[in-house]
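Participant: Have a look; sequence and predicted model below, questions after that.
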Amino acid sequence: MATVNFSVPDDVKEAFNMAYQGQNKSAVIAELMMEAVERSARKKRHREAIANILALRTEMPPVSSEDVQAALDELRQS
């Protein structure tokens, strides 16, 4: 198991200690770190998905509002 040292403002430390009083703070920190890693991975996937959509849009011909509305109407009737 690794040891990690972080410097945080005193008010953050006090708030953390109050919020997680009586709990294993190392376990809490490890869980919060894992959540941060997962959140970062989700953001990366989100950015990649948007980039892919934008790239596809450059390859697609423009569609008029009327064509979009007609397609929606057709789907609603199905």
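Facilitator: The structure has been received and is ready for your questions.
Participant: Neighbours of Tyr20, how many?
Facilitator: 14 (other Cβ atoms under 10 Å). For glycine as for every other residue, the C-beta is placed from the backbone atoms N, C-alpha and C.
Participant: Not counting sequence-adjacent ones, nearest residue to it?
Facilitator: Leaving out its chain neighbours, the residue that sits closest to Tyr20 by Cβ to Cβ, 6 or more residues apart in numbering is Val28, at 5.0 Å.
Participant: Point me to the helix or strand that includes that neighbour.
Facilitator: For Val28, the host element (DSSP states H and E) is helix 25-59.
Participant: And the next helix or strand past that helix?
Facilitator: Next along from helix 25-59, by DSSP H and E: helix 65-77.
Participant: got a pLDDT number for the residue nearest to Tyr20?
Facilitator: Here the pLDDT value assigned to Val28 is 97.
Participant: Pull the number of nearby residues for it.
Facilitator: 13.
Participant: again with the one 5 residues further on
Facilitator: Around Met33 there are 11 other residues, counting by other Cβ under 10 Å.
Participant: and if you look at the one 4 residues further on?
Facilitator: By the measure other Cβ under 10 Å, the count of residues near Val37 is 10.
Participant: can you check the one 5 residues further on too?
Facilitator: Applying the criterion other Cβ under 10 Å, we find 10 residues in the vicinity of Arg42.
Participant: where's it relative to Ala36, distance?
Facilitator: Distance of Arg42 to Ala36, computed by Cβ to Cβ, to the nearest Å: 11 Å.
Participant: Asn5 now?
Facilitator: Taken as Cβ to Cβ, the span from Asn5 to Ala36 is 17 Å.
Participant: Compare those two (neighbour count), which wins?
Facilitator: Using other Cβ under 10 Å, the more surrounded residue of Asn5 and Ala36 is Ala36, with 10 against 4.
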